[in-house]
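Peer 1: My questions are about this predicted structure, shown below with the sequence.
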Amino acid sequence: MQLGAFSVSLSVKDLEASRTFYEQLGFEVFAGDMEKNYLIMKNESTLIGLFQGMFEQNILTFNPGWDQDAQNLERFTDVRDLQANLKAKGIAFLSEADVTTPGPASFVIADPDGNTILIDQHR
């Protein structure tokens, strides 16, 4: 099962303070927009997303179709196929991808400890 690029999406109280902190750890802004209250930061192949006011808890995020540089992969497992595979295994869903449309879609599940996992396909 190919889940794609991995990042941790952090719910932050102060985007500027968090940006400064993670820059001190060697992260650089990779994508995002301060005016839209989010930044994606990168340190080598490690990605973190900083999101202010968008969600309550931290989220494990996977992006099918992307590598760690947000470049399109030639071959990948579509989010709808991942969803069908997990459903067949009895995984419960918090939200589901629309299986009637192609392209971008996402679904959300939670692990046994309540940690949220977002599978978010952008293409």
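Peer 2: Done, it's in. Numbers count the residues shown, from 1 in each chain.
Peer 1: tell me the secondary structure for the residue found closest to Asp111 once you drop the neighbours it is linked to in the chain?
Peer 2: Leaving aside its chain neighbours, Asp111 sits nearest to Ile117 (6.5 Å; criterion: Cβ to Cβ, 6 or more residues apart in numbering). Any C-beta I mention is one placed from the backbone N, CA and C, and that applies to glycine too. Following DSSP: H, G, I helix; E, B strand; the rest coil, we place Ile117 in the strand state.
Peer 1: Count the neighbours of Ile117 for me.
Peer 2: 16 (other Cβ atoms under 10 Å).
Peer 1: Equivalent analysis for Ala105, please.
Peer 2: 19.
Peer 1: what's near enough to touch it?
Peer 2: Val79, Arg80, Ala97, Asp98, Gln121 (Cβ atoms under 8 Å, 6 or more residues apart in numbering).
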